[in-house]
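[1] got a predicted model here, sequence first, then my questions.
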Amino acid sequence: MQTKFIVSGFNDEKFELTPHLRLIEVTDFMGERMHNISLNFTHMEDGAEMPFANFTLNFGEFIGMKDCAYVDTNNCWFADEILKTGIAEDTGLTKISGFCKYPLWSFKEEFLNAVDKEVYQKYSDEYDEYMNAQAPDEEPDEEGYINIDQDEI
């Protein structure tokens, strides 16, 4: 899976970007501390690794869809170039903040693992544990949905 990206800048300047995966502390709707994933990019400049962009945004709330994050399309003009590489899919959902609308992308597990296996595993284990605690007796189907019997409601 691709873990370096070449993007076009202004005046056709090219940048080779390296992604970094982090965990951002947030709270769920009940105030429980959780983590969302966060991606930022660096690039080499004069032989030193320099910050390039915080690619994802954090709004302080737990994202209930696994492997998802809001993308800062307002400050990352190259977001469409990154999406075309196939590392993520646009969910069609957005978050509005101020005058900007930020898309929610679902990143591929393979990509997140390739960027930082240890950080991703910590996030994935925490997410799975949290979701299993919400519906401990239910098993999701192959698409990740839990089917609820109407008689149980």
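    Yep, it's here.
[2] CA-only coordinates of stretch 9-16 in PDB, if you can.
    What follows is stretch 9-16 as a C-alpha-only set of coordinates in PDB (Å, rounded to 0.1, in the frame of the first residue of the first chain):
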ATOM      1  CA  GLY A   9       1.700  22.800  -5.300                       C
ATOM      2  CA  PHE A  10       1.300  26.200  -6.700                       C
ATOM      3  CA  ASN A  11       3.400  27.000  -9.800                       C
ATOM      4  CA  ASP A  12       3.500  23.300 -10.500                       C
ATOM      5  CA  GLU A  13       5.900  22.600  -7.700                       C
ATOM      6  CA  LYS A  14       5.900  19.000  -6.600                       C
ATOM      7  CA  PHE A  15       6.000  17.800  -3.000                       C
ATOM      8  CA  GLU A  16       6.700  14.300  -1.800                       C
END
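[3] list the buried residues in that stretch.
    Of the residues in stretch 9-16, those with enough neighbours to count as buried (16 or more other Cβ atoms under 10 Å) are Phe15. Quick note: C-beta positions are derived from backbone N, CA and C, even for glycine.
[4] who touches it?
    Stretch 9-16 is touched from outside by Lys4, Phe5, Ile6, Val7, Ser8, His43, Met44, Phe52, Phe78, with contacts defined as Cβ atoms under 8 Å, 6 or more residues apart in numbering.
[5] and for stretch 76-94?
    Taking contacts as Cβ under 8 Å, 6+ apart, the residues outside stretch 76-94 that touch it are 1-2, 5, 7-9, 53, 55, 65, 68, 71-73, 101-108, 111.
[6] next one: the nearest residue to Asp28 once chain neighbours are set aside relative to Glu126, how far apart?
    Closest residue to Asp28 in three dimensions, ignoring its sequence neighbours and counting by Cβ to Cβ, 6 or more residues apart in numbering: Phe62, at 4.2 Å. Computed as Cβ to Cβ, to the nearest Å, the Phe62 to Glu126 distance reads 11 Å.
[7] looking at the two, which has the bigger crowd around it?
    For Phe62 versus Glu126, the count of surrounding residues by other Cβ atoms under 10 Å is larger for Phe62: 18 against 14.
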